[in-house]
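1. fold the following.
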Amino acid sequence: MILIYITCKDEEEAVKISRHLLNKKLIACSNMHPIRSMYLWNGKIEDEKEFVIIAKTLEKNYKKIKEEVKKLHSYQIPCILKINAEANESYDKWVNEEVK
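-> Model prediction:
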């Protein structure tokens, strides 16, 4: 199992991306949280409110998820991170049953 960490400009964008990935059965679950992000952009420190998606899926879907997120995302350079994860057996089984 992997987790996909995606930052979004707001809750609306996070919901839109999550719903799209769920409808395509590329992810089994999406958690969305408000966050405060500080980052360097064009030589300046930015300080913004964003939403983060933590999506649960399988390694085989990572490439397709990146493609789908890039189509929908408003950022010029979206953050799409893959994090390897190990889950309890029943949760892992559920994820495997839900995604393509």
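
2. Three-state assignment for K63, please.
-> Applying DSSP: H, G, I helix; E, B strand; the rest coil to K63 yields a three-state assignment of helix.

3. check contacts around it.
-> Contacts for K63 were tallied using C-beta atoms under 8 Å, 6 or more residues apart in numbering; there are none. (C-beta placed from N, C-alpha, C; glycine too.)

4. roughly how far does it sit from N42?
-> 29 Å (C-beta to C-beta, to the nearest Å).

5. same check, this time on Y75
-> 13 Å.

6. what of I54?
-> For I54 relative to N42 (C-beta to C-beta), the value is 28 Å.

7. looking at those two, which has the bigger crowd around it?
-> I54 (18 against 5; other C-beta atoms under 10 Å).

8. which element, helix or strand, includes the closest residue to that one other than its chain neighbours?
-> Leaving aside its chain neighbours, I54 sits nearest to N31 (4.6 Å; criterion: C-beta to C-beta, 6 or more residues apart in numbering). In this structure, N31 sits in strand 29-41 according to DSSP states H and E.

9. what comes into contact with that strand?
-> 7, 11, 14-15, 18, 21-22, 45-56, 95, 98.

10. can you rerun that using 7 Å?
-> 7, 11, 14-15, 18, 21-22, 45-56 (C-beta atoms under 7 Å, 6 or more residues apart in numbering).

11. pull up the pairing partners for that strand, direction included.
-> Under the criterion DSSP bridges, strand 29-41 sits next to strand 44-57 (antiparallel) in its sheet.

12. in the strand it pairs with, what's buried?
-> By neighbour count on 16 or more other C-beta atoms under 10 Å, the buried set for strand 44-57 is 50-57.

13. do the same with stretch 92-100
-> Buried residues in stretch 92-100 (16+ other C-beta under 10 Å): 95, 99.

14. pull that stretch out as CSV, backbone CA atoms only.
-> The C-alpha trace of stretch 92-100 is given here as CSV (Å, rounded to 0.1, in the frame of the first residue of the first chain):
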residue,chain,number,x,y,z
ASP,A,92,-4.9,-3.7,3.4
LYS,A,93,-7.4,-6.3,2.1
TRP,A,94,-10.1,-3.6,1.9
VAL,A,95,-7.9,-1.2,-0.1
ASN,A,96,-7.0,-4.0,-2.5
GLU,A,97,-10.6,-4.9,-3.0
GLU,A,98,-11.7,-1.3,-3.7
VAL,A,99,-9.1,-0.1,-6.2
LYS,A,100,-8.6,-1.2,-9.7
